[in-house]
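Colleague: A predicted structure for the sequence below; I have some questions about it.
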Amino acid sequence: MAIVSLYRMCVILIMFHTSAAFNIDRSLCLETIIKFMHGQQKCRFNHTHADGLLRDVNVPIGGYCTQNEQCHGSEKSGVCEHHRCVCKTGYILSNFECHEGHLSLNQPCFFSEQCSRSPYTSCLGGICSCIEGYTAEESNYCVPVKVQVGGYCTQNEQCQGSEHSGVCDHGRCVCRTGYIQHNLICHKRNLALNQLCSFSEQCAGSPHTSCLGGKCSCIEGYTAENSSNCVKIKVPVGGYCTKNEQCHGSKNSGVCNHGRCVCRDGYVLFNLECHEGNLVLNQTCSLSEQCTGSPYASCLGGKCSCIEGYTAKNVTSCIQIQTSIFPNSQHKEETNIGNTLGALFGGLLLGVILTTVAAVFTYRRSKTHVNKRDELNVKFSDNDAVVDPNAFQNIHTKDGKQEVSPYSGSEETSMHNNVYEKLRNGQTQDDVQNHLYEQLK
């Protein structure tokens with residue numbers, strides 16, 4: 001009965017060891033086993049079998065192990081890797097102790113390896129801090145503080161690697177306002193004429209300039225107007241200008257008038273070219289505006305010639321051609337001298353003929369009037385009756401015209417009355433009247 005009880009005790013101890021041996025103190029467990037093995041009542045298993053079932057649960061960091069449960073000899077341990085107890089994840093081994101690792105900036109530390117969360121950090125004065133040449137940014141990262149222009153950056157404070165920099169723009173260090181980058185150096189920009197320069201992009205203070213010989217100068221085709229402006233020097237006629245020196249883009253120009261290049265005196269503009277003006281007759285021309293040296297002239301057939309209706313008087317003057325007296329005659333530019341003289345003499349002869357005919361007609365008419373007046377002078381010596389040639393002032397001729405005496409005074413009227421009075425009293429009164437009547441028929 002006692003033997004059965006002892007056996008049961010051994011089985012219980014073995015089961016207890018296999019299920020929770022890691023919670024039993026090492027020395028207590030071994031002492032219990034030894035008593036059972038070397039006491040009066042012995043278990044039926046050997047020492048080797050018991051030693052294979054029991055393991056040390058307080059193996060220090062770096063000690064030999066076969067499973068994680070053994071590695072409790074050091075704080076923050078508990079991991080068996082490659083038969084060695086190591087620190088668990090997130091801790092770092094130092095002097096056989098596990099310390100918390102992956103610390104951020106400004107967290108307490110013992111050594112720099114702990115500050116692994118932020119690059120470019122170290123344990124300085126027991127605190128994780130940025131190493132020299134770096135600075136902490138808002139996201140708890142250390143970034144360089146002397147980045148040259150063109151380098152990567154996240155904040156302005158980093159861009160101290162180049163003079164006149166200090167600006168982080170779109171992730172890159174750039175030059176500050178008023179400067180321009182060249183070969184990782186910030187150079188002053190917006191330089192004016194005659195200022196010292198290293199490259200042409202600096203000379204942006206004056207248009208049409210470049211860095212020539214170490215100074216900002218006007219480029220080819222331009223000239224300095226003042227200390228800040230370059231103006232074009234070969235502006236064609238019609239182009240914009242500010243002074244005469246610019247207007248050399250067209251021949252015979254060179255004059256700036258009201259902001260435009262124009263032809264100089266004596267020349268006229270045509271198709272952006274200056275042509276000689278004030279040409280006289282027979283000089284070679286391209287357009288009529290050139291022929292202003294001779295009035296009434298135009299460019300005909302490449303020469304200055306008189307316009308239609310005019311003819312050349314000399315090398316400089318055009319005179320109007322005389323109009324012909326014949327209605328059907330036509331004017332020609334070149335007048336034939338023979339035709340002109342013929343027309344002149346013909347007109348003169350016709351004038352003489354017409355004048356002669358008019359004179360003859362006038363003479364005959366005046367003679368007819370005189371004869372009629374003479375027939376009115378009737379004298380009868382027997383009766384002493386006298387009729388003066390101008391007695392009747394108002395006697396109508398056969399053609400219905402009234403003959404008027406040049407005498408209309410009172411003496412003539414009295415004389416006429418005396419004649420009629422005598423005729424009225426004499427015996428020959430009827431004869432006189434009949435005679436007058438016959439004359440009037």
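Modeller: Sure, I can see it. Residues are numbered from 1 along each chain as shown.

Colleague: I'd like to check which residues are in contact with the residue nearest to Ser210 when sequence neighbours are not counted.
Modeller: If you skip the residues right next to it in sequence, Ser210 has Ser200 as its closest partner in space, 4.4 Å away by C-beta to C-beta, 6 or more residues apart in numbering. All C-beta spots, glycine's among them, are computed from the backbone N, C-alpha and C. Residues in contact with Ser200 (C-beta atoms under 8 Å, 6 or more residues apart in numbering) are 209-211.

Colleague: try 10 Å
Modeller: Shown in contact with Ser200 (C-beta atoms under 10 Å, 6 or more residues apart in numbering): 209-212, 216-217, 219.

Colleague: Same check on Leu184?
Modeller: When contacts are counted by C-beta under 10 Å, 6+ apart, Leu184 touches 148-151, 161-162, 165, 173.

Colleague: Asp169 now?
Modeller: Asp169 neighbours (C-beta under 10 Å, 6+ apart): 153, 156, 159, 175.

Colleague: Paired strands for the strand or helix carrying His187, with orientation please.
Modeller: Assigning secondary structure by DSSP states H and E places His187 in strand 185-188. Pairing partners of strand 185-188, with direction, according to DSSP bridges: strand 179-182 (antiparallel).

Colleague: got the contact list for the partner strand?
Modeller: With C-beta under 10 Å, 6+ apart, strand 179-182 has contacts from 148-150, 162-165, 167, 172-175, 185-190, 198-199, 201-202, 204.

Colleague: Of those residues, select the buried ones using a PyMOL command.
Modeller: Under the burial definition 16 or more other C-beta atoms under 10 Å, those of the contacts of strand 179-182 that qualify are selected in PyMOL by:
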select buried, resi 148+149+150+162+164+165+167+173+174+175+185+186+187+188+189+202
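
Colleague: Which of the contacts of strand 179-182 fall within strands?
Modeller: Judged by DSSP state E, the subset of the contacts of strand 179-182 located in strands is 167, 172-174, 185-188.

Colleague: Of those residues, just say which sits nearest to Cys142.
Modeller: Cys173 (16.7 Å; C-beta to C-beta).

Colleague: Quick check: the closest one vs Lys188, distance?
Modeller: 18 Å (C-beta to C-beta, to the nearest Å).

Colleague: go on, Val79?
Modeller: From Val79 over to Lys188 (counting by C-beta to C-beta), the distance is 63 Å.

Colleague: now Val360
Modeller: Separation of Val360 from Lys188 (C-beta to C-beta) stands at 114 Å.

Colleague: where does Glu69 land in three-state SS?
Modeller: Judged by DSSP: H, G, I helix; E, B strand; the rest coil, the three-state class of Glu69 is helix.

Colleague: you'd agree it is up against Gly78?
Modeller: Yes. Glu69 lies in contact with Gly78 (C-beta atoms under 10 Å); the separation is 8.3 Å.

Colleague: Tell me which of the two has more neighbours.
Modeller: Gly78 (18 against 15; other C-beta atoms under 10 Å).

Colleague: Does the more buried one touch Cys85 like I think?
Modeller: Yes. With contact defined as C-beta under 10 Å, Gly78 reaches Cys85; the gap is 7.8 Å.

Colleague: Give me the common contacts of the two.
Modeller: Common neighbours of Gly78 and Cys85 are listed as 61, 68, 70-72, 98 (criterion: C-beta under 10 Å, 6+ apart).

Colleague: Make CSV out of those residues and add neighbour count and pLDDT.
Modeller: Below are the shared contacts of Gly78 and Cys85 laid out as CSV (neighbours: other C-beta atoms under 10 Å; pLDDT from 0 to 100):
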residue, neighbour count, pLDDT
Ile61, 22, 82
Asn68, 15, 85
Gln70, 21, 85
Cys71, 25, 85
His72, 16, 80
Cys98, 21, 86
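
Colleague: And the furthest pair within those?
Modeller: Gln70 and Cys98 (15.5 Å).

Colleague: What is the neighbour count of Asn314?
Modeller: For Asn314, using other C-beta under 10 Å, the count is 10.

Colleague: Can you name the residues bridging to Glu273?
Modeller: Bridge pairing for Glu273 - DSSP bridges - gives Phe270.

Colleague: What spatial separation is found between Gly309 and Pro60?
Modeller: Distance of Gly309 to Pro60, given as C-beta to C-beta: 134 Å.

Colleague: Check Ile321 too.
Modeller: Applying C-beta to C-beta to Ile321 and Pro60 gives a distance of 139 Å.

Colleague: And for Leu281?
Modeller: 129 Å.
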